[in-house]
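Student: Got a predicted structure plus its sequence, pasted below:
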Amino acid sequence: MLDQRALDRARTMDGKLLLVTNMVDHDPWEIVKRYRSLANIERGFRALKSDSEIALVYHRLPDRIRAHVLIGFLALVLYRVLRMRLKASDHPLSPTRALDIARKIQFHQVLLTRRET
């Protein structure tokens with residue numbers, strides 16, 4: 001037997017995001033803004049882990065933990081700057097594709113010096 005009320009309720013909510021919060025004193029639009037910001041941060045960390053190939057490393061020492069977080073944060077900032085610049089220039093490449101191309105670039109510097117005889 002099909003529960004018609006439950007089906008109607010499901011159809012009403014289909015395709016919608018429902019945010020539940022205990023922050024009753026906040027403006028609903030501020031809550032949505034914070035949620036979107038969180039989703040943006042999560043997307044950034046997914047990109048950071050996949051595109052920058054930063055491996056998960058376990059550290060014990062506080063200085064090493066801070067250094068690792070700083071490197072990750074800087075990589076995320078650079079990724080975002082790359083994405084913004086590609087978008088601003090209407091370039092068709094995605095940041096992921098641009099990084100793939102950049103990985104293939106090789107740079108060699110050879111210094112030749114004269115020997116004094």
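Tutor: Perfect, I can see it now. Numbers count the residues shown, from 1 in each chain.
Student: Please list the outside residues in contact with the lowest-mean-pLDDT helix or strand in the chain.
Tutor: Of all regular secondary-structure elements in the chain, judged by mean pLDDT, DSSP states H and E, the least confident is helix 28-51 with a mean of 77. For helix 28-51, the external contacting residues (CB atoms under 8 Å, 6 or more residues apart in numbering) are 19, 21, 23, 54, 72, 75-76, 79-80, 95-96, 99. Any C-beta I mention is one placed from the backbone N, CA and C, and that applies to glycine too.
Student: Please name every helix or strand in contact with the helix or strand just after that helix.
Tutor: Next in sequence after helix 28-51, counting helices and strands by DSSP states H and E, comes helix 62-88. Contact partners of helix 62-88 among helices and strands, from 3 or more CB pairs under 8 Å, 6 or more residues apart in numbering; DSSP states H and E: helix 28-51, helix 95-103.
Student: can you put the ones you listed in JSON lines and add distance to residue 61?
Tutor: Converted to JSON lines, the helices and strands packed on helix 62-88 look like this (distance: least, CB to CB, whole Å):
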{"stretch": "helix 28-51", "distance to residue 61": "22"}
{"stretch": "helix 95-103", "distance to residue 61": "30"}
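Student: Tell me the confidence at residue 86?
Tutor: Here the pLDDT value assigned to residue 86 is 94.
Student: ugh, wrong one, residue 67
Tutor: At residue 67, the predicted lDDT confidence score is 86.
Student: Tell me how many other residues crowd it.
Tutor: 12 (other CB atoms under 10 Å).
Student: ok, it to residue 104 distance?
Tutor: Distance, residue 67 to residue 104, by CB to CB, to the nearest Å: 29 Å.
Student: next one: residue 17
Tutor: 40 Å.
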